[in-house]
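Undergrad: 3D model of this:
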Amino acid sequence: MSHDDFINDLVKWIDTHIEGKMDLDTVADRAGYSKWHLQRMFKQHTGYALGEYIRARRLKKSAERLANGGEPILDVAISFGFDSQQSFNRSFKRQFGQSPGAWRRQVQVSACAQ
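TA: I've put the predicted structure just below:
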């Protein structure tokens, strides 16, 4: 298996297991490499740090869930492995420029306007 195939397979695995606790040790165990070597390989092939990629995917999936339902923000945060609503809010705002609640309201208003 080439490095590109390996990284593509790993990305698919991450995307299907993105909910819940996922850390670099878990991904490295799955990959069979040390976390240091895996992070270097991942960055070289994708241009993203592994932790950055995981965080971005969690936030994207959480934004989709917030847009598609009335689930409490804290429940969404916990289901995607964030330790608290505060840390989720901080990461979400850094990624999308607004809080999860404001983003949800904006998406709902946009959906009603269509």
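Undergrad: any low-confidence regions in the protein?
TA: Applying pLDDT under 70 to the chain flags the ranges 1, 109, 111-114.
Undergrad: all helices for it, in order.
TA: 3-16, 24-31, 35-46, 50-67, 73-79, 85-96, 100-113 (DSSP state H).
Undergrad: buried stuff in the second one?
TA: Neighbour-count burial for helix 24-31, counted by 16 or more other C-beta atoms under 10 Å, picks out L24, V27, A28, A31. C-beta: built from backbone N, CA, C; applies to glycine.
Undergrad: let's have those in a markdown table, adding distance to H45.
TA: As requested, the buried residues of helix 24-31 are exported to a markdown table (distance: C-beta to C-beta, whole Å):
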| residue | distance to H45 |
| --- | --- |
| L24 | 16 |
| V27 | 14 |
| A28 | 15 |
| A31 | 12 |
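Undergrad: what is the most widely separated pair among these?
TA: By the measure C-beta to C-beta, L24 and A31 form the most distant pair in the buried residues of helix 24-31, at 10.1 Å.
Undergrad: overlap in contacts, the two.
TA: Residues touching both L24 and A31 (C-beta atoms under 8 Å, 6 or more residues apart in numbering): L38.
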